[in-house]
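Novice: got a predicted structure plus its sequence, pasted below:
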Amino acid sequence: DVKVTQSSRYLVKRTGEKVFLECVQDMDHENMFWYRQDPGLGLRLIYFSYDVKMKEKGDIPEGYSVSREKKERFSLILESASTNQTSMYLCASSTNMAWDYGYTFGSGTRLTVV
Amino acid sequence: QKEVEQNSGPLSVPEGAIASLNCTYSDRGSQSFFWYRQYSGKSPELIMFIYSNGDKEDGRFTAQLNKASQYVSLLIRDSQPSDSATYLCAGFNYGGSQGNLIFGKGTKLSVKP
């Protein structure tokens, strides 16, 4: 089974801190995604990547950046954390045949910014 | 804007009943659809996918797709309290270089013992 691992399950950070959320997948998937999920708003796509060193903005990229230096690792960076970035963050990965196999999600990181 | 719409619920059914979860989509070009189950505080887990018109059955779950009506549904037979979760519908959108999944906001299902 594909495993998508997010480094932290729960994280508490202070306003203004730089925050790194790490995601690693072990099945050689080409595509990786970062979502945030908030009650009533569903999953919102922040950034995604179809290849190493490649990134594309999703629907809500403001206040975030990403890094994909290796195929298996996709990092989400909050440059200066704010309280409105308190959320559940979900990483996902897929093959280039996502129409057949869908996405596999990591276990999520619940981030609280105080 | 390509969208996938779901009734947010909550949908409440008694144990043993059939739960019917529905989803509509706006992009006629979408070809495949996925149902994810998400328990409270957990991440989404893929439970079914369908790309042909008609029904697809897997155990107690049946996914139904009607492309003419742009409608997808998930039926859960003999519902159990352990089925209580939020169910996300997603359609594959072929736009862009690789395409991506468009998710609905989810329907919360509660199965009462």
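Specialist: Looks like it came in fine. The model shown is predicted, which means the values in this text are computed figures rather than measured ones.

Novice: got the contact list for the residue of chain A found nearest chain B?
Specialist: Relative to chain B, the nearest point of chain A is A:Gly42 (3.4 Å; Cβ to the nearest Cβ). C-beta coordinates here come from the backbone N, C-alpha and C atoms, glycine included. Contacts for A:Gly42 were tallied using Cβ atoms under 8 Å, 6 or more residues apart in numbering or on different chains; they are B:Leu88, B:Phe103, B:Gly104, B:Lys105, B:Gly106.

Novice: name the element residue 36 belongs to?
Specialist: This is for chain A. Assigned by DSSP states H and E, A:Arg36 falls within strand A:31-38.

Novice: if you could check chain B rather than the one you did, that'd help
Specialist: Per DSSP H and E, B:Tyr36 falls inside strand B:33-38.

Novice: that strand to strand A:31-38, inter-axis angle?
Specialist: With axes from the mean of the first three to the mean of the last three Cα atoms, to 10 degrees defining the directions, strand B:33-38 sits at 50 degrees from strand A:31-38.

Novice: any chance you could list what contacts the helix or strand following strand B:33-38?
Specialist: Where DSSP H and E defines the elements, the next helix or strand beyond strand B:33-38 is strand B:45-50. Outside strand B:45-50, the residues within contact range by Cβ under 8 Å, 6+ apart are A:100-105, B:32-38, B:56, B:58, B:61, B:63-65, B:72, B:74.

Novice: residue contacts, B:Lys56?
Specialist: By Cβ under 8 Å, 6+ apart, the contact set of B:Lys56 is B:Met48, B:Ile50, B:Thr62, B:Ala63, B:Gln64, B:Leu65.

Novice: kindly apply the preceding question to A:Thr109 instead.
Specialist: The contact partners of A:Thr109, taken as Cβ under 8 Å, 6+ apart, are A:Gln6, A:Ser7, A:Ser8, A:Arg9, A:Tyr10, A:Leu11, A:Leu21, A:Met88, A:Tyr89.

Novice: quick check: it vs B:Tyr51, distance?
Specialist: 32 Å (Cβ to Cβ, to the nearest Å).

Novice: is the residue nearest to the spatial centre of chain A in a bridge, and if so with what?
Specialist: When Cα atoms, centre = their mean is applied to chain A, the residue found nearest the centroid is A:Trp34 (2.7 Å). With DSSP bridges as the criterion, A:Trp34 is bridged to A:Tyr47, A:Cys91.

Novice: where does the prediction get shaky in chain A?
Specialist: A:1-2 (pLDDT under 70).

Novice: all helices of it, in order?
Specialist: Using DSSP state H, the helices of chain A run over residues A:98-101.

Novice: enumerate the residues of it near chain B.
Specialist: Along chain A, the residues adjacent to chain B under the rule Cβ under 8 Å from any Cβ of the partner chain are A:31, A:33, A:40-43, A:45, A:48, A:50, A:56, A:90, A:96, A:98-108, A:110.

Novice: just the buried members of the residues you listed?
Specialist: Neighbour-count burial (16 or more other Cβ atoms under 10 Å in any protein chain shown) is assigned, among the residues of chain A next to chain B, to A:31, A:33, A:42-43, A:45, A:48, A:50, A:56, A:90, A:98-99, A:101-106, A:108.
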